[in-house]
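Student: Quick one, fold the following:
(2 chains)
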Amino acid sequence: MGDPMRIRAKLVGDTADVRVLMAHPMDVERKSGGKVVPAHFIRQIRAELNGKVVWEAQISQAVSKNPVFAFKVKGAKAGDRLSVTWEDNKGDTRTDSITLGAS
Amino acid sequence: MNELRRSFLKRTTGLGTLVAAVAVGAVKPADVLAASRNEGAFKATSTTDAIKALGMTGVTNSTAIAIRAPDIAENGAVVPIDITSNIPGTRSISLFVDKNPFPYVGTFDVAQGSEPYVHVRIKMGKSSDVRVVVAAADGKHYQAAKEVKVTIGGCGG
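Tutor: Coordinates of the predicted model:
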């Protein structure tokens, strides 16, 4: 499941400035004491506004630990539901959502 | 030419097989999100190969892509990058770090309802050009790069 994300959004006109902080190790594959520690990272992220996909990302292990993303969603208004979903390379996923204008 | 129809067909047929696959237990529901991932590009060891694997051809330089990144990053484990594309009809923004072992960092798809802007924090092994390739609605690709000097590399985990 992973830990909750922190999602902040600020409405500027009809654009939502969204900032998401995810708790994730984003490990690259590395050797530790002769053993290979496998990579563990978020592969895919999707943001939805009222259930409609508005932003998507495919990422690699080159994104920093506890990833932060910011993006701007068009056509948003107070009361809209914004949800963000991530999925990592071990099949773990997490979805969190906020209501715009209420945070 | 008829892009909408094509993507509709692709989606419906894709969904059909996916539903079937889920039904027989071949695909875990969690895999659904990652159906379109381009593994070849992520495994490429040079930016040129990664761009090729993504099927981006005829990439031209552009001054309409603004990359805001530090000139000198003290900590290569967290390098903040701000990308704004002023190219009309920007559909996606792809990011590469030329000198990372695997240069392709990712693609941000903004075509479905977001401004052509993204902020991301990335790892950089050593000083390198950070390269951005924008895919526009007319099928063309544009690129811009910015050099970031790294004093402590960030690929050791």
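
Student: And the helix-or-strand element of chain A with minimal mean pLDDT, what does it pack against?
Tutor: Counting by mean pLDDT, DSSP states H and E, the weakest-scoring helix or strand in chain A turns out to be strand A:30-32, with a mean of 82. Here strand A:30-32 touches strand A:35-37, going by 3 or more Cβ pairs under 8 Å, 6 or more residues apart in numbering or on different chains; DSSP states H and E. Glycine gets a C-beta too; all of them are placed from N, C-alpha and C.

Student: Shouldn't residue B:42 be within a helix?
Tutor: Yes - counting by DSSP: H, G, I helix; E, B strand; the rest coil, residue B:42 is located in a helix.

Student: That one and residue A:88, how far apart?
Tutor: 14 Å (Cβ to Cβ, to the nearest Å).

Student: Excluding residues flanking it in the chain, which one is nearest residue B:107?
Tutor: residue B:94 (4.4 Å; Cβ to Cβ, 6 or more residues apart in numbering or on different chains).

Student: Now do the strand or helix carrying the one you found: which elements does it pack against?
Tutor: In this structure, residue B:94 is located in strand B:90-97 according to DSSP states H and E. Counting by 3+ Cβ pairs under 8 Å, 6+ apart, the packing neighbours recorded for strand B:90-97 are helix B:47-53, strand B:79-85, strand B:104-109, strand B:117-122, strand B:128-136.

Student: before we move on, the earlier item: report the beta-bridge partners for the residue nearest to residue B:107.
Tutor: Beta-bridge partners for residue B:94, by DSSP bridges, are residue B:107, residue B:133.

Student: Next up, the contacts around it.
Tutor: Applying Cβ atoms under 8 Å, 6 or more residues apart in numbering or on different chains, we find residue B:94 in contact with B:51, B:54, B:56, B:104, B:106, B:107, B:108, B:132, B:133, B:134, B:135.
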